[in-house]
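Undergrad: Turn this into a structure:
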Amino acid sequence: MSAKAQGYTASKSLTAFSPAVQEKVAVARQQVAELHGELTRYDLVVWTAGNVSQRVVVGSEPSSADLLVIKPSGVRYHELAASNMVVCDLYGQLVDGQYAPSSDTAAHAYVYRHMPEVGGVVHTHSTYATAWAARGEEIPCVLTMMADEFGGSIPVGPFAVIGDDSIGRGIVQTLRDSRSPAVLMQNHGPFTIGADATAAVKAAAMVEEVARTVHIARQGGELIPIDSEKITQLYNRYQNVYGQ
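TA: Down below sits the predicted model:
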């Protein structure tokens with residue numbers, strides 16, 4: 001459904017921003033559209049559920065004056081393109097786009113306002129991670145891959161209803177002092193953050209992988225936790241030494 005039909009009116013026009021910012025928005029729209037393809041590639045979403053967003057920095061550094069680019073609400077994945085990605089401010093108000101923004105926009109916007117280090121946010125209903133969320137149970141750090149990627153267990157955030165910034169508040173509350181880029185929002189599903197949208201999508205894929213593996217491992221007997229000191233060693237090595 002169009003933004004107008006759902007009662008959305010632009011709070012400001014994209015033309016009010018500099019050509020440099022408009023170019024950043026165009027690049028972000030392309031990136032965000034393409035990254036939604038990764039969600040289907042890794043079987044993290046079904047039908048129109050789930051979303052990826054990217055912060056667009058307006059000034060010299062991240063601030064509450066920034067913009068975000070996000071998936072339109074209710075549009076199927078094979079129809080997504082740069083041209084139908086929606087631009088909002090960090091209060092969830094429409095800036096540019098023919099469609100209404102995702103129903104999770106308020107949550108994404110809240111995270112960007114309160115965590116300036118975050119450049120990308122992803123939400124999925126991936127099967128195994130959402131099953132852990134339905135139990136309100138954190139995923140314990142019993143794999144070196146978890147230590148590498150998440151720096152410990154994957155925490156559970158509070159139950160919150162969709163539609164306002166309650167989910168965003170829960171995400172920030174849970175992740176602000178955590179090394180984990182992922183939170184399992186109780187009875188809802190995983191949200192992930194990253195320095196950019198690509199990093200947040202990677203975290204979403206990794207959450208589902210470890211959720212599945214740990215679930216299977218638990219069927220065979222007691223899990224063996226990794227010592228906290230070893231977790232820190234693994235995390236520091238992976239974050240600072242691993243890769244090119």
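
Undergrad: from here on, contacts and neighbour counts on C-alpha atoms
TA: Will do.

Undergrad: elements contacting the helix or strand containing Ala147?
TA: Following DSSP states H and E, one finds Ala147 within helix 144-150. Secondary-structure packing of helix 144-150 (3 or more Cα pairs under 8 Å, 6 or more residues apart in numbering; DSSP states H and E): helix 197-219, helix 228-240.

Undergrad: May I see the buried residues of that helix?
TA: Thr144, Met145, Met146, Ala147, Asp148, Glu149, Phe150 (16 or more other Cα atoms under 10 Å).

Undergrad: hmm, which two among the residues you listed are most spread apart?
TA: Within the buried residues of helix 144-150, Thr144 and Phe150 form the most distant pair, 9.8 Å apart (Cα to Cα).

Undergrad: still on that earlier bit, just put the helices and strands packed on helix 144-150 in TSV and tack on mean pLDDT.
TA: Output for the helices and strands packed on helix 144-150, formatted as TSV (pLDDT from 0 to 100):
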stretch	mean pLDDT
helix 197-219	99
helix 228-240	97
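
Undergrad: Just name the most buried of these.
TA: Sort the helices and strands packed on helix 144-150 by mean neighbour count, taking mean count of other Cα atoms under 10 Å, and helix 197-219 sits at the top with a mean of 20.

Undergrad: Which elements pack onto it?
TA: So helix 197-219, by 3+ Cα pairs under 8 Å, 6+ apart, packs with helix 19-41, strand 51-56, strand 120-123, helix 127-135, helix 144-150, strand 182-185, strand 189-194.

Undergrad: other SSEs contacting the helix or strand just after the fifth one?
TA: This means helix 144-150. Using DSSP H and E, the helix or strand that follows helix 144-150 in sequence is strand 156-157. Other elements packing on strand 156-157 under the criterion 3+ Cα pairs under 8 Å, 6+ apart are helix 166-175, strand 182-185.

Undergrad: rerun that using 10 Å as the cut-off
TA: helix 127-135, helix 166-175, strand 182-185, strand 189-194 (3 or more Cα pairs under 10 Å, 6 or more residues apart in numbering; DSSP states H and E).

Undergrad: Thanks a lot, catch you later.
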